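Student: Could you look at this predicted model? Sequence included:
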Amino acid sequence: MEDARNVTEFIFLGILQGWKMQRVAFGFFLVLYVLTIVGNLLIVVTVNFSGHLTSPMYFFLSYLSFVDVCYSSTTTPKMMADLFIERKTISFNGCMTQLFAVHFFGCTEIYLLTVMAYDRYVAICRPLHYTVIMNRRVCRTLVLALWVGAFLHSIIQTLLTIQLPFCGPNVIDHYFCDVHPLLKLACSDTYVVGLIVVANSGMISLIAFFCLVISYSVILFTLRTQSAEGRRKALSTCGSHVVAVLLFFVPCIYMYIRPTTTLAADKLVTLFNTVMPPMLNPLIYTLRNAEVKKATRKLWSQKVILREK
């Protein structure tokens, strides 16, 4: 059997056909990507340079925004560039690097959303012990643990894929390198590898999602005993988290919990997962959060005053 590296490049079919549609799509995705970068970097700068947003929730929100920038940047720039190229290619090494990056930052986001739900659970259900349980050392340890967990997940995915024999077919019916389309090109039986992918990716998404559902159910049950104002504030914060969770987890579960197959809707679902949540998260977490909006206005008004001076 030929070595996998005899296939030196892969060819993407992309998301659209026809030059006119590709030009329109480029403009659309460019706007979304700019909004993603600007919105998330604004949150990172605001949280890290504002003296008021010091709670663990904003600590994790800053990391979520950073991850969103990285996650979107692993696929969107290449996808937009390919809209101007007839032959959309990526090298074998570039493909494996993109595969690793997509799963690394995607898994990091899954873990982050889960940790943020745990933070809300402690804040609402155990408020008197919140500062002790979620102290700065614990928060840093959780962030380190989720980075390590995401690395282990993505390195497994990459090693499983890189050792497959690609002996000829190299056309990927997708716009970036992902496990399922690559398994389809392998010149060997990928059933076992497919099961490991489901266990590694699909089960992580599904278990994390169930943990989130349980935590928010406990939160809702606990809120019954609180005042109307306390319920309103808690529901406002948790509502933002629930929207972000649904936007990210539903496409992930759809893509990775099933056996190794490729469906017609896969590109659209994956596109939604890699483009929309990173762009919408800044809006979800700031539009209904008075503290973030106040801190943002104060921080940037101070910078304008200093610049004028």
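Tutor: Received the coordinates, thanks. Computed from a prediction, not measured in an experiment: that's the story for all the values here.

Student: Angles on the backbone of residue 12, please.
Tutor: In terms of degrees, to the nearest 10, the main-chain angles of residue 12 are phi -90, psi 140.

Student: Quick check: it vs residue 195, distance?
Tutor: 26 Å (Cβ to Cβ, to the nearest Å). Heads up, the C-betas are built off the backbone N, CA and C, glycines and all.

Student: Looking at those two, which one has more neighbours?
Tutor: A count of neighbours by other Cβ atoms under 10 Å puts residue 12 above the other of residue 12 and residue 195, at 22 against 13.

Student: ok, and the closest non-adjacent residue to that one?
Tutor: Residue nearest to residue 12 in three dimensions, not counting chain neighbours: residue 88, with 4.1 Å by Cβ to Cβ, 6 or more residues apart in numbering.

Student: Mind jotting down where the helices sit in this protein?
Tutor: Remark: helices assigned in the chain by DSSP state H are 19-49, 56-73, 76-82, 92-125, 130-133, 136-162, 179-185, 191-197, 203-223, 228-256, 266-286, 290-308.

Student: what about the fifth one, distance to the chain center?
Tutor: Distance, stretch centre to chain centre, for helix 130-133: 27 Å (Cα atoms, centre = their mean, to the nearest Å).

Student: so what secondary structure elements neighbour that helix?
Tutor: Under the contact definition 3 or more Cβ pairs under 8 Å, 6 or more residues apart in numbering; DSSP states H and E, helix 130-133 sits against helix 92-125.

Student: Can you check what angle separates the helix it packs on from helix 203-223?
Tutor: On the basis of axes from the mean of the first three to the mean of the last three Cα atoms, to 10 degrees, helix 92-125 is oriented at 20 degrees to helix 203-223.

Student: Surely residue 157 and residue 104 touch.
Tutor: No: using Cβ atoms under 8 Å as the test, residue 157 is too far from residue 104 to be in contact (9.0 Å).

Student: Tell me which residues touch the closest residue in space to residue 35 that isn't next to it in sequence, please.
Tutor: Nearest residue to residue 35 in three dimensions, chain neighbours excluded: residue 279, at 5.4 Å (Cβ to Cβ, 6+ apart). Residue 279 makes contact with 32, 33, 35, 36, 39, 72, according to Cβ atoms under 8 Å, 6 or more residues apart in numbering.
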